[in-house]
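A.B. asks: next one to model:
(one chain, ligands or ions: 1)
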Amino acid sequence: MTETIVKLKKKYRNKILKGYPLIEKDAILDKNKLDKQGMVLKIIDEDNKFIAKGYYGKQNKGIGWILTYKENIKINQDFFRDKIKEALYLRKKMYANQETTAFRTFNGEGDNIGGLTIDYYDGYYLINWYSEGIYKFKDYVITALKELTSFKGIYEKKRFNTGGKYIDDDDFVLGERASFPLIVKENNVNFAVYLNEGAMVGFFLDQREVRNIIKEKYSKGKNVLNTFSYTGAFSVFAAKGGAKKTTSVDLANRSRKKTIEQFKINDIDESKHDIIVEDVFKYFKYAVKKKLTYDMVILDPPSFAKSKKYIFSASKDYTNLLIQAINITKNNGIIVASTNCSNFDMDRFKDFINKAFKETNEHYKIIQEFSLPSDFKKNNIYKESNYLKVVFIQKSTIYLED
Ligand code: SAH
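C.D. replies: Alright, predicted model coming up:
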């Protein structure tokens, strides 16, 4: 591929040299040269010294990603093959594990190509393209997967519409089509996924460790409330772990059908569990009125959501969400507070937790914390990629020593 030489503004130089992988919106001096997404950029500084190579691809985050700091490396088929090969090697154990057949194979800038993720679902690959730019390298990625792996089929999601939104399409790329639902396993629990039904697959792979610990350690005999439950993944794992009862609450109509499906494919009698299609904030009020309390309350809201009555923004409203959860959690019960919001870090998340407990005059102890699992490989210089924060909090009326 031909390379276009572009100049980096001085103020971005050190940041990029330290390994920051994102090419920010305003970083390139001769912007007029950026005309075709997918073009390979040879980035030099204002003194004409080589800095790095990257590609031009517009995302809401920036205008491209750094690919290499070596001038002699070409961005070609071999480059993509090498990066994908390295990523596959790092997940070798996951491919060998028959109890879990769905995981992330390639994690964007964590695996040194920003804007591209590849997930594995029991023989099928799902490629996420986050810009028109990275989509231009499609042949390289597909050829690498063909050469390095054996698979049944490949699907893709184009997430490069304005604002990173998904473009509705037939997402099948090649190989054989899967029949849906495709049943994958996670720690021996079944899950129904759909690779060709719009933007969502039905399952968030990054919560694997959290689901497992909920099943193994926190559910036996418990009455569990799962809020923002979506397809009910946490409820299924709680039920599998021996929960007396789960209550799943989600605003979206689809959530009832989807949750029943997940229960069914795991031989769980769904009539013993409640699935409620309602606004979570309305449900909290109802629970207080009816004096309902829970041994465990799971909170996994989106970073931002608008319902008829409420707007929820994780960075502004998480404390309030916690206060409502504290009010209906039994003494010594557990609150699982989760967020995928990249606007704040774990320390600030813990401030929200502290504030909520102060306001309710209750004590608490943090008993476990999770961030992304290892298949969601992080780029340590790019802090935003470490978005997941999950905290297990025990509520107590007395102060608990660590
Ligand atoms: N916990 C889920 C993922 C949650 S995705 C899992 O583990 O799979 C976020 C969900 O929140 C969506 O399904 C959306 O419908 C729901 N949601 C957003 N705002 C809501 C509200 N005010 N009340 C109830 N559900 C809401």
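
A.B. asks: so what's Lys330 up against?
C.D. replies: Applying Cβ atoms under 8 Å, 6 or more residues apart in numbering, we find Lys330 in contact with Thr293, Tyr294, Asp295, Lys395. To be clear about C-beta, it is placed using only N, CA and C from the backbone, and glycine gets the same treatment.

A.B. asks: the last one reaches Tyr364, doesn't it?
C.D. replies: Translated: Lys395. Yes - in this structure Lys395 lies within contact range of Tyr364 using Cβ atoms under 8 Å: 5.6 Å.

A.B. asks: overlap in contacts, these two.
C.D. replies: Shared contacts of Lys395 and Tyr364, counting by Cβ under 8 Å, 6+ apart, come down to Phe357.

A.B. asks: quick one: which of the contacts of Lys330 is nearest the ligand?
C.D. replies: Tyr294 (15.8 Å; Cβ to the nearest ligand atom).

A.B. asks: next one, pLDDT for that closest one please.
C.D. replies: The score at Tyr294 is 98. That number is its pLDDT.

A.B. asks: work out for me the element the residue lying closest to it once chain neighbours are set aside sits within.
C.D. replies: Excluding the flanking residues, the one nearest Tyr294 by Cβ to Cβ, 6 or more residues apart in numbering is Leu225, at 4.4 Å. Assessed by DSSP states H and E, Leu225 sits inside strand 223-227.

A.B. asks: again with Lys53
C.D. replies: strand 50-56.

A.B. asks: any idea how far the residue nearest to Tyr294 lies from the ligand?
C.D. replies: 12 Å (Cβ to the nearest ligand atom, to the nearest Å).

A.B. asks: quick one, what contacts that residue?
C.D. replies: Thr246, Thr247, Val249, Ala287, Tyr294, Met296, Val297, Ile298, Ile328.

A.B. asks: ok, Glu86 next?
C.D. replies: Asp111, Asn112.

A.B. asks: report the separation between it and Glu71.
C.D. replies: 20 Å (Cβ to Cβ, to the nearest Å).

A.B. asks: likewise for Asn226?
C.D. replies: For Asn226, the distance to Glu71 - Cβ to Cβ - is 52 Å.

A.B. asks: ok, Leu299 next?
C.D. replies: With Cβ to Cβ as the criterion, Leu299 and Glu71 are 48 Å apart.

A.B. asks: how many neighbouring residues does the residue of the stretch 301-402 of the chain found nearest the ligand have?
C.D. replies: Closest approach of the stretch 301-402 of the chain to the ligand (Cβ to the nearest ligand atom) occurs at Ala305, with a separation of 3.6 Å. Per other Cβ atoms under 10 Å, the neighbour tally for Ala305 reads 16.

A.B. asks: and it, that one's in a helix?
C.D. replies: No - the assignment for Ala305, made by DSSP: H, G, I helix; E, B strand; the rest coil, is strand rather than a helix.

A.B. asks: residues contacting it?
C.D. replies: Under the criterion of Cβ under 8 Å, 6+ apart, the neighbours of Ala305 are Ile311, Phe312.

A.B. asks: okay, and the beta partners of it?
C.D. replies: As for beta bridges, Ala305 partners with Phe312 under DSSP bridges.

A.B. asks: what pLDDT is listed against it?
C.D. replies: At Ala305, the model reports a pLDDT of 88.

A.B. asks: what residues sit buried inside whichever helix or strand Leu126 is part of?
C.D. replies: Following DSSP H and E, one finds Leu126 within strand 124-129. Using 16 or more other Cβ atoms under 10 Å as the test for burial, strand 124-129 gives Tyr124, Tyr125, Leu126, Ile127, Asn128, Trp129.

A.B. asks: how many neighbours does Lys309 have?
C.D. replies: 8.

A.B. asks: quick one, phi/psi of the residue lying closest to it once chain neighbours are set aside?
C.D. replies: The spatial neighbour of Lys309 that comes closest, neighbours along the chain excluded (Cβ to Cβ, 6+ apart), is Asp279 at 6.4 Å. Here is the backbone geometry of Asp279 (degrees, to the nearest 10): phi -70, psi 130.

A.B. asks: how much space between Asp279 and Phe203?
C.D. replies: 23 Å.

A.B. asks: please apply the same query to Lys377.
C.D. replies: From Lys377 to Phe203 the distance is 19 Å (Cβ to Cβ).

A.B. asks: Asn343 too?
C.D. replies: Taken as Cβ to Cβ, the span from Asn343 to Phe203 is 24 Å.

A.B. asks: then Ser303?
C.D. replies: Ser303 sits 18 Å away from Phe203, going by Cβ to Cβ.

A.B. asks: ok, back up a step: for the contacts of Leu225, give me CSV that also has secondary structure and distance to the ligand.
C.D. replies: Formatted as CSV, those follow (DSSP: H, G, I helix; E, B strand; the rest coil; distance: Cβ to the nearest ligand atom, whole Å):
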residue, secondary structure, distance to the ligand
Thr246, strand, 12
Thr247, strand, 12
Val249, strand, 6
Ala287, helix, 13
Tyr294, strand, 16
Met296, strand, 14
Val297, strand, 12
Ile298, strand, 7
Ile328, coil, 15
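
A.B. asks: with neighbour count added, can I get these in TSV?
C.D. replies: Putting these into TSV (neighbours: other Cβ atoms under 10 Å) gives the following:
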residue	neighbour count
Thr246	30
Thr247	21
Val249	25
Ala287	20
Tyr294	22
Met296	23
Val297	29
Ile298	29
Ile328	20
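
A.B. asks: close enough to count as contact, the residue nearest to Lys309 and Tyr310?
C.D. replies: Yes - Asp279 is within contact range of Tyr310, at 6.7 Å (criterion: Cβ under 8 Å).

A.B. asks: which of those two has more neighbours?
C.D. replies: Asp279 (18 against 14).

A.B. asks: how about that one, what does it touch?
C.D. replies: Leu251, Ser307, Lys308, Lys309, Tyr310.

A.B. asks: next one: Lys9
C.D. replies: In this structure, Lys9 makes contact with Asp26, Ala27, Ile28, Leu29, Glu46, judged by Cβ under 8 Å, 6+ apart.

A.B. asks: adding pLDDT, write those out as a markdown table.
C.D. replies: Shown next, in a markdown table, are these (pLDDT from 0 to 100):
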| residue | pLDDT |
| --- | --- |
| Asp26 | 95 |
| Ala27 | 97 |
| Ile28 | 97 |
| Leu29 | 96 |
| Glu46 | 95 |
